[in-house]
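need a 3D model of the sequence below.
(chains A and B)
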Amino acid sequence: MNLDDAAARAVEAALSAGASDAEAWAEESTSRRVRVYEGEVESLSDAGGRGVGVRAFAGSRSGYAYGTDLSDAGVTELARAAREAAEVADEDEYEGLPDELGTSDVDGLASPELADWPTERVVELALEVERSARAREGVTQVENAVYSDADSSVALANSRGFAASYRATQAWAYASAFAGEGSDLMTGLGVGMGRAPSALDPEAIGAEAADRALALVGARQPESRRCPVVLDAFVAASFIGFVGSMLSAEAVQRGRSLFAGREGEEVADPALRFADDGTDGEGPGSAPFDGEGVPTRRTGLIEDGRLLGFLYDSRTARKDGRTSTGNASRGSYRSPPSVGTTNLVVEPGEEELAGLVRLAGDGLYVTDVAGLHSGVNPVSGTFSVGASGRLIEGGEVAAPVRELTIASDLVSMLKAVRAVGSELRWVPFGGSVKAAPILVSEMAVSGS
Amino acid sequence: MTLVDPELAGRVLERALTRGGDMAELYAEARRGFALSLDDGRVERPQGGRERGACVRVVQGDSTYYGYVDGLAEDDLLRVAGSVSEAVRGDARHPAALTAVQPGTRHPVITRPEEVEAARKADLLRTCNERARAAGAEVAQVRIGYAESQRQVEVFGSDGRAAADDRTRVRLGAQVVARRDGRVETGADTRGGHAGWELLEEDPEAVAERAARRALTLLDAVDAPTGRLPVVVGNGFGGVLLHEAVGHGLEADAVQKQASIYAGRLGEQLAETFVTAYDDGSRQNAWGSEGIDDEGTPTRRTTVIEDGRLTSYLYDLLRARKDGVESTGNGRRESFRQLPIPRMTNTFFAPGEATPDDLISGVERGLYAVSFGGGQVEPATGDFVFGVSEGYLIENGKVTSPVRGATLVGNGLEALRAIDGIADDLDIATGYCGKDGQTVPAGVGQPHVRIRELTVGGTAA
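Prediction:
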C-alpha cells in the first residue's frame, strides 16, 4: 500500500465531493508487544494497522472523517463523509489549511536496528528486565515486564500542494515490581525508551522498578506541614507536562488556562527553563512536520522566569495574529489535528539529585503522584494531589511515607522552584518530557 | 453473523491451531461513530469514523499469542492466523463445530442515532449551551459534547462458541466554567447509556444546567479542611470510589498475580453486613452493559460483596480457567487491537434503607463529597486518591459551605470497613475506565454512602 498515494487520492476525492480545501493523513504501522511473567511469555503480539483521516473544508467550516479502508471506494466514502460533516459546523473565520507549510530536518527518527531484532530476541530482552527486577533482595513480585515497539510511516497531503511523509521507530520497555507484603506492599515502576531495542538497558529498567518499590517499604503517613519538596524526574515530568498543556493557545483562547494574558510576565523562578521541541531526534514526539504540514521547531516557553509565549496550530495562530509554532498534534489518523505539545525539554541545572536533597535540608522527596489530572484546577491552577516518597532529614533521604497529599497552586510552585537537577532523561509521563528532578522551596504537605 | 462468514471463521481457527494450542479465537469488529462539540458558542469538530478489523489469538498454557489486522478480508484473516500459529510449538489441533451463544440481556435501541439528522444534534448542543448560560451571569465558558457509537462484534472460539453483539451508545456531556472576580471554577455533568437517541429526548438540557450549577456553587467555596473526617459520598458518580478502590482489586488478573489487596480474601467479612455490591453487565441499557462480553460470554450480574462478605472476583475466560470457575462475562477489550482482560461493566453498591438526610444528619463535622474529578488507585495496596470536584462541609448535621480543592486519600479495604451507612437512592453514572492502555465505557454508581473516617487533603492550613 502506497501511503502517499492514499493521501493524495483522499484529497482529490474530497475536492470532487465539493470541498473547498482538503487534507489527508495516512498512516501505516507494524508493532510488537511482549509481556512476560515468571519467566514465561504471558502474551505476544505481532500486528499491523493502517488508516486515513480526511479533513474537508466548506469555506470556513471543517469536518473530519477517518477509516481503515484505503481502497478507492473506501477513501471516496470517507471524503464524502468529511465534506458532509463540515455542513454541520458553524462558520469559523480562523479555520483553514495553514500558510506555513513545509518540513524541517529531523535526524534519527527511524532506526534501522529495529529490523535486526527478531521476536525471540525482544522476548529475551523482556525476560531480562523481569529477571533484573526479581534479582533484587526484598522484591516480592514482578507484576509484569513489557517490551513493545512500533515502526510507523505517515503521509500527509493537502489541496495546497503539500505532500510529504516520514517514518519513525520507537521501542519501550517497562516493569512493575512489588516489595513488602500485605498492607505494606509497595510498587515501583522502571521504564526505558529509545528508537530501537538496542537503546534499552534491560538490567537498568528492572533494577529501577525494584529500587523504586524497595525505597517505599514500611512507608507511613507523615505529619502535616509546609516544607521543601524534591520532585523526582517522573513526578517533575508529570507537572511539566501539565504546565505544557496549559500553554496551548487553544486552552488560552478558550479561557481554560491560568496562563491566559500572562505572556511576558514572571511566572517561574529563573532556575526553571523549558521549551517545546519537535525537532529533537530522540524525542518520541518529534517529526519533520506537524499534524497539518507545518514544519516542527523549538519554541522556548519559560526562560529567565518569564512566560515567553504559547503553542499554536494554524487556527489559533490566525486568531492571535501569530504564526503556527508547528504544534498541530494528532494522536493518530482517528483524530483531527489540535494544539498539543511535541516534546517538552527541560534545561538541566547544576546539582545531581543528592545535591538537591542536601539543599532541601529537611523536607520531602516525592517519587510518585496520583490523580494529577483530577487534582489540578486548570483554570485557577490550585491543586492537591496524592503522593508517596521519602522524608528528607539533615540533607539525606530518610523514612518512606505515603497516604499524603501535596498542595499548592501551579504558579506559586513554579515561582518556588529553587533548583533543577543536572540529570536529564526522557520520561513517558505528562506526554513526552525530557525531565530532571526539581527542588521546590516550599509546599503544603498534608498527612495526619 | 454479518461480519465474518462462519465457514471462513472455521478455516481461520483451523489455521490458527496448525501448530497446536489450547484455544484459538477470532474476534471481528466493525465500528462506526460520530461526534460533535460546541465551544465558545460555536458548533465545531464534527467527525465520523468507520473501522473494521479482527484479532486472532491462540492460547497455550499461560501464554497468549495474538495478531490483529485492519479490515476483514479473507486473505488478511488467514494470514494473521498463520502468523500467530507460528509462535506455538506443538501438533495441529482442530476446532469444534460452531454453535451460537445467546446473549444475556437485550438492550433495545428505539431510535438509531445515525438516523437522526446531524443538524438536530447540532441544535441539541445549542439549546444545552443556552440553558447553561441562562443558569447565571457568572457562567463564562460552556463546552458541550455529543458522541454516538456502534460496535458490531463477532467472536468465534475453537471450543465451538460463536457469538455476536451489536452495541449502540450515546453520550452527552457538559463542562462549564464560572468566573467571579479572580475566581474561576468548573462544573461538569454527563448522561449516557447503551441506548439510542431516545436517551436524549427528555430534557437533555438538564445535563448542561447541572454542570452550570456546580460551577456557580463552587464560586462560593471555601478552602477544603484537612485531616481525618467522616465523609458522606454522593450517589451516582460518587460510585467511582467503589470502582477504583474496590472494583479494580477484584479483577482476576490482579488477584491471580497477588497484585490485589483482595487476593486470598474470598469469604472474608470486609464490611458491615448491610453492604452489598454488584458488577452487572446485563443491566438493561446501562452505560457499561453489553449483550455478551468480548469473548462471547453472556453478561450477567455478579454479586461481589454480599452482606459485607467478599463473594466473587471478576473473570474473563483465561483467568476463570486458571481458577477453575466460569467466566463472569467480564472479558472486555477496547477494540480488536487489544486482548480481552477482566474489566468492570457497571459496578455499584446495592441500595440500603436510610435516606441521604439520615446519613448527613449524623455527622457533626465532615465532608459531603458529591462528585469526583477522577481518581486513581494502586490495586496492589488498595491505596487511592480522589479529587473532589463538588464537595461541601457538613457542620452539625447540615450541609453548609461548598469547598474546593479537597482530595480523599485512603485505602480501599479500610474505607470499605468504615462504611457505616447506605442510603436508598441508587443511581448509575457514565464513566470511562482505563487499564493497561485500554479505555472502555464503565458504569459507576451507588446510593449515598457514609464512611466513618477518611483522610481529607485540603488546601486550608
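
what count of nearby residues applies to A:Glu93?
Neighbour count of A:Glu93, defined by other Cβ atoms under 10 Å in any protein chain shown: 10. Every residue, glycine included, has its C-beta placed from N, CA and C.

pretty sure it is in a helix, no?
No - according to DSSP: H, G, I helix; E, B strand; the rest coil, A:Glu93 belongs to no helix; its state is coil.

quick one, what contacts it?
Contacts for A:Glu93 were tallied using Cβ atoms under 8 Å, 6 or more residues apart in numbering or on different chains; they are A:Ser60.

report the separation between it and A:Arg315.
10 Å (Cβ to Cβ, to the nearest Å).

with B:Glu251 instead?
Taken as Cβ to Cβ, the span from B:Glu251 to A:Arg315 is 42 Å.

now do B:Val12
45 Å.

could you list the domains of chain B?
The record's domain parsing of chain B by automatic domain parsing lists B:6-32+B:46-94, B:113-217, B:223-457.

is the second one anywhere near chain A?
Yes - taking Cβ under 8 Å from any Cβ of the partner chain as the criterion, domain B:113-217 and chain A are in contact, through B:Ala118, B:Ala119, B:Lys121, B:Ala122, B:Ala140, B:Gln141, B:Arg143, B:Val177, B:Arg183, B:Val184, B:Glu185, B:Thr186.

flag every residue of the stretch 251-400 of chain A that's near chain B.
Of all the residues in the stretch 251-400 of chain A, those lying near chain B are A:254-256, A:334-336, A:370-371, A:373-375, A:377-380, A:382-386, A:388, going by Cβ under 8 Å from any Cβ.

count the neighbours of A:Asn2 for me.
As a measure of burial, A:Asn2 has 13 neighbours, counting by other Cβ under 10 Å.

err, A:Pro378, not the other one
Counted with other Cβ under 10 Å, A:Pro378 comes out at 18.

hang on, isn't it packed against A:Ala251?
Yes - applying Cβ atoms under 8 Å, one finds A:Pro378 in contact with A:Ala251, separated by 7.2 Å.

overlap in contacts of these two?
A:Ser245, A:Ser257.

ends of stretch B:226-240, how far apart?
Start and end residues of stretch B:226-240 are separated by 22 Å (Cα to Cα, to the nearest Å).

please see if it touches chain A.
Yes - for stretch B:226-240 and chain A, the contact criterion (Cβ under 8 Å from any Cβ) is met by B:Thr226, B:Gly227, B:Arg228.

bridged to the second one, which residues?
So that's B:Gly227. Using DSSP bridges, the bridge partners assigned to B:Gly227 are B:Val456.

where's it relative to B:Ala406, distance?
11 Å.

and the two? Which one has more around it.
B:Ala406 (31 against 16).

contacting residues around the more buried one?
A:Ser384, B:Ala224, B:Pro225, B:Leu367, B:Ala369, B:Gly387, B:Val388, B:Gly391, B:Val456, B:Gly457, B:Gly458.

which residue in the residues you listed has the weakest pLDDT?
Checking pLDDT across the contacts of B:Ala406, the minimum falls on B:Gly458 at 65.

ok so, going back, of B:Val12 and A:Arg315, which one has the most company?
Counted by other Cβ under 10 Å, B:Val12 and A:Arg315 do not tie: B:Val12 has more neighbours, with 26 against 23.

shaky segments in the stretch 1-150 of chain A?
By pLDDT under 70, the weakly predicted segments of the stretch 1-150 of chain A are A:1.

sorry, wrong one. I was asking about chain B.
Residues of chain B that meet the criterion pLDDT under 70 lie in B:1, B:374, B:458-461.

report whether the helix or strand where B:Arg32 lies contacts chain A.
Assigned by DSSP states H and E, B:Arg32 belongs to strand B:23-39. Yes - residues of strand B:23-39 contacting chain A under Cβ under 8 Å from any Cβ: B:Phe34, B:Leu36, B:Asp39.

need the CA coordinates for that strand. PDB is fine.
The C-alpha trace of strand B:23-39 is given here as PDB (Å, rounded to 0.1, in the frame of the first residue of the first chain):
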ATOM      1  CA  MET B  23      -7.700 -22.400  22.500                       C
ATOM      2  CA  ALA B  24      -8.000 -20.300  19.400                       C
ATOM      3  CA  GLU B  25     -10.300 -17.400  18.900                       C
ATOM      4  CA  LEU B  26     -11.300 -15.000  16.100                       C
ATOM      5  CA  TYR B  27     -12.700 -11.600  17.100                       C
ATOM      6  CA  ALA B  28     -14.100  -9.400  14.400                       C
ATOM      7  CA  GLU B  29     -15.400  -5.900  14.800                       C
ATOM      8  CA  ALA B  30     -17.000  -3.100  12.800                       C
ATOM      9  CA  ARG B  31     -17.300   0.200  14.500                       C
ATOM     10  CA  ARG B  32     -18.700   3.500  13.400                       C
ATOM     11  CA  GLY B  33     -19.000   6.700  15.400                       C
ATOM     12  CA  PHE B  34     -20.000  10.300  15.100                       C
ATOM     13  CA  ALA B  35     -19.100  13.100  17.500                       C
ATOM     14  CA  LEU B  36     -19.800  16.800  17.600                       C
ATOM     15  CA  SER B  37     -19.000  19.500  20.100                       C
ATOM     16  CA  LEU B  38     -19.900  23.100  21.000                       C
ATOM     17  CA  ASP B  39     -17.400  25.500  22.400                       C
END
